[in-house]
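Enquirer: any chance you can model this:
(2 chains)
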Amino acid sequence: MTMARVAASRRSLLGHSYNLVGVVASLVILAWTLIAIFAPTIIPHSIGDIVDDDYFGPMRQGLWLGSDYLGRDMLSRVLMGARYTVGISLAAVCIACFSGVVLGMIAAVTGGWLDTCLSRFLDAMNSIPSKLFGLVVVAAVGSSIPALILTLAVIYIPGAYRFARALAVNINTMDFMTVARVRGESTAYLIGSEILPNIMRPVLADFGLRFVFIVLLLSGLSFLGLGLQPPLADWGALVRENIGGLPFAAPAVIVPSLAIASLTISVNLLIDNLPQKIRDRDA
Amino acid sequence: MTNLVEVRNLRIEATTDAGRVVDIIKGVSLDIADGEIVALIGESGSGKTTIALSLMGYARPGCRITGGEINVNGKNMAALTEKQRAKLRGTDIAYVPQSAAASFNPSSTIMEQVIEVTRIHGLMAPEQARKRAVELFRALSLPDPEGIGARYPHQVSGGQLQRLSAAMALIGDPKLMIFDEPTTALDVTTQIDVLKAFKSVMRAGGIAGVYVSHDLAVVAQIADRIVVLKGGEVQEAGTTAQILSAAQHPYTRELLAAFEPKPRQAHADADAGTKALLRIDDVTAGYGSVRADGLPLIRAVNSVSLVVEKGRNLGVIGESGCGKSTLARVIAGIHPAAAGDIVFDGRQLERAAGKRSQNQLREMQIVFQYADTALNPAKPVEDIISRPLAFYHGLDRQARSKRVDELLDMVRLPRTLRYRRPSELSGGQKQRVNFARALAAGPKLIICDEITSALDTVVAAAVIELLKELQRELDLSYIFISHDLSVVEAICDEIMVMYNGERVEQITPDRLKAPTHPYSKLLFSSVPKLDPTWLDGLVRDPELVSQYGHR
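Expert: Got it, this is the predicted structure:
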């Protein structure tokens, strides 16, 4: 005779429970993703067109987010900026997390000299300040989108590696790992089938967090002029080029900042409120 | 006349992750008189610890005391505020946890922690508290009562630590002591010292106690009355003698029956067991840096030889730290031996598992003690069992699925369990899955490393029965490693006693009554019997104890 009562704070759908914050955050992320994909078809003006007589124009009909320092339509530029910010960051974070996590798991499972070499090398990488590293790379090879993606990825591999290795080392000491090893399993099976499912949740959380870092670093690089080059502009670059509008309280400087904030905060909130699969023994 | 403790119609609820509310204690009532020791006994999940903790007005996170009264010394613990309860904890009621090792702070001295209670409650001056603590150490027959307080927790043995945690509980002069399985984690030889010490201080101080355990024989030694629990309800209550001699409830009888394992029938076909399946000669293994002679610094297994014959079982018994688990890992190749030969099924085996052939690995399986860590928590039972089928036998999906069903039938688990994750199974079920995975490989020899130690008596007995049946059906041999003599006795044809990394004796179960080696004598005589007078009547050779006992 067990009494069943569903708590009200979390709702459930398809065997998962979720809460409101997570839903709102994922809607914001979804909206930005859609914008990034469809930006070229929905922008009201071309991003290079000068459509306003004045610079740093206020919000008004036709120019919903005002105009920038050259009198270009801010709405169009922010929408197109989403493309670069989301796209570049996503590509970079995928590369960084995939290589970092795979290397981390391999190091944990293999141990020995491979672990030592990898760890020391990546620790050394970690000790290079990220902005300075970006500066050197841009100075050496120039700023292009592939170069940016690779630079950002390389900067964040050591962190992902450390994180995954720390988790995997704990899993590696469990008896089921010993059982699998004595069974004669290969390293690929050990990391993919035994370890990965157990560290998936924290790794996903780390993925989201790292995405936020990369968005911020990309914005920072662009703000310094090392990121995307004009006339293309991601959100960081938009803030930088319109910084002169600050004394005029121009929307042109505030809107891209808000865009960065809304995306990063939403990703953070989503990570903290991921839907949970309900596994209830007696249910 | 009122009792010291009167629990009336206690109800405790818990909330699951999905937000469902489950009753875990369903209207329990019990009384404890002054100076009386009452044992709460039952399998894991029966609510015995929850009831014991509720006597302090405490419910674990996620649990709530929702109904009933818990009167301790005239105060209803369920109705008091947290602040009022805190005042009573340590002074009126004290608690001795299961794992003393996990309950001491490793970074401060034992004395500091023992007298902490007096400081928190302002009971006495520190000087006086220290004196009192030393008296308690003496009463609990701890070695060097004057000096032991200055040590750190890692510098004393597990049995000593458990007695020190009792001293910590006793220093506030409680009227009621709660013991939560205090000897479960200890070796039998140590358990006796701890039980004796507990019993004498409780008797001397006239302190009432609640003793939570799943071991009926231990409880028989220390309790005045026994309350048997199952599923959050009292099944039966009575004096120790009543319960042991005239148990009424079927569950209690089951508990008693589980305690007396059916002796194993001698092999009818004695000649069948003449071919050696596994032979190890002079195997040495250990830890630490390798020295000039190629042997490791700390030798956990020292020149051990043994033979396992086809279709027969070898038991390895000894206290914790005697090297029996290392021996299992050496045989399986997890921990390569430093010296010695391992011959399996007529062929010499490589020392490291990584160098053995797939077929050799398949034929020798190892089953670990803790099914919790031996099963990947992220995978459903189906995947866990079917992996060896795919890996060793290359079965396709359909054949695997069919075989998983058969294996689940074999270990007496319902087929529907295949979709569950290990965390959704009970301890006994997990151990069966663990075993099914070993069977899936189709082995000739299964090394069982303490596989029943984490299980309750009734469940363990069922698992042992299962192993025997499977042996008849599948022509297996087992190496059975345990510290529990009754388990080994129930299933093994030969028993090897290990002490300090060495084999001290090998005997057959029918000659268990007459071991020849002194350590075997001490070990066998230390196994608690159901007889309540056993502990008081136990006379141990002091020379033996000082030589082999870890006090």
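Enquirer: can you point me to the longest helix in chain A?
Expert: Longest among the helix segments of chain A by residue count, using DSSP state H, is helix A:74-110.
Enquirer: buried stuff in it?
Expert: Taking 16 or more other CB atoms under 10 Å in any protein chain shown as the basis for neighbour counts, the residues of helix A:74-110 that come out buried are A:74-93, A:95-97, A:99-109. No exception for glycine: its C-beta is placed from N, CA and C like everyone else's.
Enquirer: ok, stretch B:505-523 next?
Expert: Of the residues in stretch B:505-523, those with enough neighbours to count as buried (16+ other CB under 10 Å) are B:E505, B:Q506, B:I507, B:P509, B:P515, B:H517, B:P518, B:Y519, B:S520, B:K521, B:L522, B:L523.
Enquirer: mind checking the backbone torsions on the residue nearest to the second one when sequence neighbours are not counted?
Expert: Nearest non-adjacent residue to B:Q506, counting by CB to CB, 6 or more residues apart in numbering or on different chains: B:M496, 4.7 Å away. B:M496 has phi and psi values of phi -110, psi 130 when expressed as degrees, to the nearest 10.
Enquirer: same question for B:Y499.
Expert: B:Y499 adopts backbone torsions of phi -140, psi 130, taken as degrees, to the nearest 10.
Enquirer: roughly how far apart are B:Y392 and chain A?
Expert: Counting by CB to the nearest CB, to the nearest Å, the separation of B:Y392 from chain A is 8 Å.
Enquirer: buried stuff in the helix or strand hosting that residue?
Expert: In this assignment (DSSP states H and E), B:Y392 forms part of helix B:381-393. Residues of helix B:381-393 classed as buried by neighbour count (16+ other CB under 10 Å): B:V381, B:E382, B:D383, B:I384, B:I385, B:S386, B:R387, B:P388, B:L389, B:F391, B:Y392.
Enquirer: which one of those residues is nearest to B:P532?
Expert: Comparing the buried residues of helix B:381-393 against B:P532 with CB to CB places B:V381 closest, at 41.9 Å.
Enquirer: tell me the pLDDT at B:A133?
Expert: As predicted, B:A133 sits at a pLDDT of 91.
Enquirer: the closest residue to it other than its chain neighbours: how many residues sit nearby?
Expert: Once its chain neighbours are removed from consideration, B:A133 has its nearest residue in B:V114; the separation is 4.9 Å (CB to CB, 6+ apart). B:V114 sits with 27 neighbouring residues when counted by other CB atoms under 10 Å in any protein chain shown.
Enquirer: what is the subsequent helix or strand relative to the longest helix of chain A?
Expert: Toward the C-terminus, helix A:74-110 is succeeded by helix A:112-126 as the next helix or strand (DSSP H and E).
Enquirer: what does that following helix rub up against?
Expert: Residues outside helix A:112-126 that contact it (CB atoms under 8 Å, 6 or more residues apart in numbering or on different chains): A:L103, A:I106, A:A107, A:A108, A:V154, A:I157, A:P158, A:G159, A:Y161, A:R162, A:R165.
Enquirer: return the distance of that helix from the chain's centre.
Expert: Centroid separation for helix A:112-126 versus its chain: 25 Å, with CA atoms, centre = their mean, to the nearest Å.
Enquirer: so for the helix or strand that that helix is followed by, what gets flagged as buried?
Expert: Remark: after helix A:112-126, the chain's next helix or strand is helix A:130-141, criterion DSSP H and E. Taking 16+ other CB under 10 Å as the neighbour-count basis, helix A:130-141 is seen to contain the buried residues A:S130, A:G134, A:V137, A:V138.
Enquirer: so what's the residue nearest to B:Y478 when sequence neighbours are not counted up against?
Expert: Taking CB to CB, 6+ apart, and ignoring the residues beside it in sequence, B:Y478 has B:N313 as its nearest neighbour in space, at 4.4 Å. Listed by CB under 8 Å, 6+ apart, the contact set of B:N313 reads B:Q471, B:S477, B:Y478, B:I479, B:F480, B:I491, B:C492, B:D493, B:E494.
Enquirer: quick one: contacts for the last one?
Expert: In other words, B:E494. Contacts of B:E494 were listed using CB under 8 Å, 6+ apart, and they are B:R312, B:N313, B:L314, B:G315, B:Q506, B:I507, B:T508.
Enquirer: what's the neighbour count on the fourth one?
Expert: When you say that, I think you mean B:G315. The burial count assigned to B:G315 is 26, neighbours taken as other CB under 10 Å.
Enquirer: quick one: contacts for it?
Expert: If you count contacts by CB under 8 Å, 6+ apart, B:G315 has them with B:F480, B:I481, B:S482, B:V488, B:E489, B:I491, B:C492, B:E494, B:I495, B:M496.
Enquirer: make CSV from those and add secondary structure to it.
Expert: Listed next are those as CSV, based on DSSP: H, G, I helix; E, B strand; the rest coil:
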residue, secondary structure
B:F480, strand
B:I481, strand
B:S482, strand
B:V488, helix
B:E489, helix
B:I491, helix
B:C492, coil
B:E494, strand
B:I495, strand
B:M496, strand
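Enquirer: now, among those, which is nearest to chain A?
Expert: Comparing the contacts of B:G315 against chain A with CB to the nearest CB picks out B:I481 as the nearest, at 14.3 Å.
Enquirer: can I take it that B:V316 is in a strand?
Expert: Yes - under three-state DSSP, B:V316 sits within a strand.
Enquirer: so it touches B:G323, yeah?
Expert: No - at 9.4 Å, B:V316 does not count as touching B:G323 under the criterion of CB atoms under 8 Å.
Enquirer: compare those two (neighbour count), which wins?
Expert: Neighbour tally, B:V316 and B:G323, criterion other CB under 10 Å: the higher count belongs to B:V316, 29 against 23.
Enquirer: how close does B:T109 get to B:G149?
Expert: In this view, B:T109 and B:G149 are 7 Å apart by CB to CB, to the nearest Å.
Enquirer: which one's more surrounded, the two?
Expert: B:G149 (21 against 15).
Enquirer: so where does the closest residue in space to that one that isn't next to it in sequence fall, helix or strand?
Expert: When the adjacent residues along the chain are set aside, B:G149 lies closest to B:M111, with 3.1 Å between them (CB to CB, 6+ apart). Taking DSSP H and E as the definition, one finds B:M111 inside helix B:110-114.
Enquirer: who are the packing partners of that helix?
Expert: Applying 3 or more CB pairs under 8 Å, 6 or more residues apart in numbering or on different chains; DSSP states H and E, one finds that helix B:110-114 contacts helix B:126-139, helix B:158-170.
Enquirer: please identify the buried residues of the first one?
Expert: Translated: helix B:126-139. Of the residues in helix B:126-139, those scored as buried under the neighbour-count criterion (16+ other CB under 10 Å) are B:A129, B:R130, B:R132, B:A133, B:V134, B:L136, B:F137, B:A139.
Enquirer: can you pull the contacts of the spatially most central residue of chain A?
Expert: Most central residue of chain A, judged by C-alpha distance to the mean C-alpha position with CA atoms, centre = their mean, is A:F211 at 1.6 Å. For A:F211, the contacting residues are A:S89, A:L90, A:V93, A:V267, by CB under 8 Å, 6+ apart.
Enquirer: need the residues you listed in JSON lines (columns: pLDDT).
Expert: Compiled in JSON lines, the contacts of A:F211 are given as follows (pLDDT from 0 to 100):
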{"residue": "A:S89", "pLDDT": "91"}
{"residue": "A:L90", "pLDDT": "90"}
{"residue": "A:V93", "pLDDT": "93"}
{"residue": "A:V267", "pLDDT": "88"}
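Enquirer: flag the shaky bits of the stretch 51-200 of chain A, pLDDT-wise.
Expert: Low-confidence segments of the stretch 51-200 of chain A, defined by pLDDT under 70, are absent.
Enquirer: swap in 80 and give it another go.
Expert: Across the stretch 51-200 of chain A, the stretches falling below the confidence threshold (pLDDT under 80) are A:51-53, A:62-64.
Enquirer: from it, which residue is nearest to chain B?
Expert: A:P197 (3.5 Å).
Enquirer: for B:P336, which three-state class applies?
Expert: The three-state label given to B:P336 by three-state DSSP is coil.
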